[in-house]
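> Give me the fold of what follows.
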Amino acid sequence: MKTLTPILIAAALLAACDPEANEDTGDVGSSQGESAGTGEAETGDGATGGSSAACADPDSGPTMGISADIEGDMMLTCDTVWVLEDIIFVRGGTLTVEAGTTIKGTEGSALVIEQDAMIIAEGDADAPIVMTSIQAEDARGRGDWGGLVLLGSAPTNLAGGVGQAEGFSNPPAYGGTDAAHNCGSLEFLRVEWAGFAIAEGSELNGITFYACGTDTSVSYVQVHMGADDGIEMFGGGFNADHIVVTGAEDDSIDCDQGFQGSLQYVFIHQDPAIGDNAFEWSNQGTDFSATPTTSPSVANATIVGSGSGGDKSKGLTLKEGAEATLVNSVFGNFTNELVFLQNLETQRIAESGGMVIEANVLFDSGAPGVDDADGSDITWTSDDLQTFLDDGGNLDADPMLASTQWGSPDITLMAGSPAETGAVDPGAGFEATDYVGAIEPGGENWTLGWTNFNP
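This next block holds a predicted model:
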């Protein structure tokens, strides 16, 4: 198997930055280090934010292909547009990505951070790191490439504690006993047009966190127009903030196998024509009582569903005995159920206090529902679930968002919005706010500038 060494990278960077070099894409993974052009691929990230003058123009800057695994410490600098030509594994070191760097994925490619490695991808508001499709801007589609995968050694609730990652012909392992496992740091990072399926039920998402632990840092991250889920967490647990998921084909944020992290300041916008759950939280498919129990906590989210055009659009699906906390959030515009409950074990979690859905502004959605199909063992009715939501002080009202227009949202609150007040104490690990939703009234709209909302 070919590997990418620091010496090869240094040589490649010199060639890429040489003003005399031609514009063909070099290939740092070729066995002799020779140029192996991947073609002139146009790109355009559609963002309103800029990048450093020293960074390569994503449309016309020098490009360098990566076709071999990366061993040891490495840096991808922003003066080169990097092209993933295969599923690239990073092993035995730290992959550092400079602010303003563009990484393009070809068909069937992905970037995978192994358990003995980590990624430091820290952009800036004016120079986000962008992982996107190699296709021309007007020819991009969901699943153009595979996305970003991080493999950790934190606990899961699988039998034996170790699992095999989805979406690989030769799947790598994840999970272990290191609750603090550090998968790396992601900041001002955008992942676009990613995710693909190798087989039914075995897919790559925009970003997949496998058993990443508490030392992992995730802040100001967007996943845009992904096939399958936007972000999925399998086990582990870490805190994340300022998260944007737009246009996910399946679930926007999916948590299972014992994930126990917290997310604050979240914006989800479903495509008006496609998308399943904004949140899908499951415990473990073969053992609903498995521990650690999946128990995500979310505060200050603004979630906008598909509206009338989304056949599968739902808000929050809870199943397999998962716990849940959703507070101080604006949550609605779903074609189908606002909250959907499956399995008697999940009902018992709600009855015992392990499910907290409080102080949210709910709007324009289908009634909450339970799985009452033949064979279901749940005893609650939809009315019981509605009573549970009413008891949580959730308000059914228009949140008065400035705009929910697909492709150009503005989720600031208009004057007089019922979400300007009414928040509850979100608990440990969160910042306390007076307001409900992702944007402070009168404050900066943090979702603009570094993101891409273009469909």
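
> Low-confidence regions, the stretch 101-250 of the chain specifically.
198-200 (pLDDT under 70).

> Going by residue numbers, what spans are strands in it?
102-105, 110-113, 118-122, 129-133, 148-151, 163-164, 173-174, 184-192, 197-199, 202-203, 207-210, 217-224, 231-234, 239-246 (DSSP state E, counting those that start in this stretch).

> quick one: L263 and I253, what's the gap?
7 Å (Cβ to Cβ, to the nearest Å). In short, each C-beta sits where N, CA and C put it, glycine included.

> what does T412 give?
Distance check for T412 against I253: by Cβ to Cβ, it reads 22 Å.

> try A173
According to Cβ to Cβ, A173 and I253 sit 24 Å apart.

> D374 too?
Taking Cβ to Cβ, one finds D374 at 30 Å from I253.

> So which of these two has more stuff around it?
I253 (26 against 4; other Cβ atoms under 10 Å).

> List the beta-bridge partners for the more buried one.
I231, F279 (DSSP bridges).

> Quick one: residues contacting it.
By Cβ atoms under 8 Å, 6 or more residues apart in numbering, the contact list for I253 reads 229-233, 243, 245, 263, 266, 268, 278-280.

> Indicate which one of the strands of the stretch 101-250 of the chain is closest to T286.
If you check each of the strands of the stretch 101-250 of the chain against T286 by Cβ to Cβ, strand 163-164 wins as the nearest, at 11.8 Å.

> tell me how far stretch 210-223 is from the chain's mean position?
Distance, stretch centre to chain centre, for stretch 210-223: 9 Å (Cα atoms, centre = their mean, to the nearest Å).

> returning to what we had before: quick one: which of the strands of the stretch 101-250 of the chain is nearest Q347?
strand 231-234 (23.4 Å).

> what packs against the closest one?
strand 207-210, strand 253-256 (3 or more Cβ pairs under 8 Å, 6 or more residues apart in numbering; DSSP states H and E).

> Deepest in the core, which of the ones you listed is it.
strand 207-210 (a mean of 29; mean count of other Cβ atoms under 10 Å).

> Mind listing the strands that one pairs with, and their directions?
strand 148-151 (parallel), strand 231-234 (parallel).

> Give the buried residues for the last one.
By neighbour count, and taking 16 or more other Cβ atoms under 10 Å as the criterion, the buried residues in strand 231-234 are 231-234.

> now stretch 107-115
109-115.

> could the residues you listed go into TSV alongside distance to I129?
Formatted as TSV, the buried residues of stretch 107-115 follow (distance: Cβ to Cβ, whole Å):
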residue	distance to I129
S109	17
A110	16
L111	12
V112	17
I113	14
E114	20
Q115	22
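
> from the residues you listed, which is closest to E187?
Distances from E187 to the buried residues of stretch 107-115, taken by Cβ to Cβ, are shortest for I113, at 15.3 Å.

> and the closest one, what are its bridge partners?
V90, L150.

> residue contacts, it?
Here I113 is in contact with 90, 95, 119, 148-151, 183-184 (Cβ under 8 Å, 6+ apart).

> Let's see that with 10 Å instead.
Counting by Cβ atoms under 10 Å, 6 or more residues apart in numbering, I113 touches 70, 88-91, 94-95, 119, 121, 148-152, 183-184, 210, 212.

> Of the residues you listed, just the buried ones, PyMOL syntax please.
In PyMOL syntax, the buried subset of these is picked out as below (16+ other Cβ under 10 Å):
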select buried, resi 70+88+89+90+91+94+95+119+121+148+149+150+151+152+183+184+210+212
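
> correct me, but S60 touches T102?
No. Judged on Cβ atoms under 10 Å, S60 makes no contact with T102 at a distance of 11.5 Å.

> which of those two has more neighbours?
T102 (27 against 12).

> Which residue comes closest to that one once chain neighbours are left out?
Counting by Cβ to Cβ, 6 or more residues apart in numbering, T102 lies nearest to P58, which is 4.3 Å off, once chain neighbours are set aside.

> Hmm, that neighbour is touching K104, no?
Yes. The pair P58 and K104 passes the contact test of Cβ under 10 Å, sitting 8.0 Å apart.

> Let me know the distance separating the residue nearest the centre of the chain from V244.
With distances taken as Cα atoms, centre = their mean, I231 lies nearest the centre of the chain, 2.8 Å away. Distance, I231 to V244, using Cβ to Cβ: 10 Å.

> Overlap of the contact sets of the two?
221-223, 252, 268.

> Show me the shaky parts of the stretch 301-450 of the chain.
Using pLDDT under 70, the stretch 301-450 of the chain has no residue that qualifies.

> now I303, what's its secondary structure?
Classification of I303 using DSSP: H, G, I helix; E, B strand; the rest coil returns strand.

> For it, which residues are in contact?
So I303 contacts 245, 252-253, 266-270, 278-279, 315-316, 326, 329-334, 360, 362, 365, 411, 437-438 (Cβ under 10 Å, 6+ apart).

> and T96, bridged to which residues?
The partner residues for T96, given DSSP bridges, come to M75, I120.

> now do M355
A324.

> how about it, what does it touch?
Contacts of M355 (Cβ under 10 Å, 6+ apart): 281, 295, 318, 322-326, 339, 341, 346-349, 388, 392.
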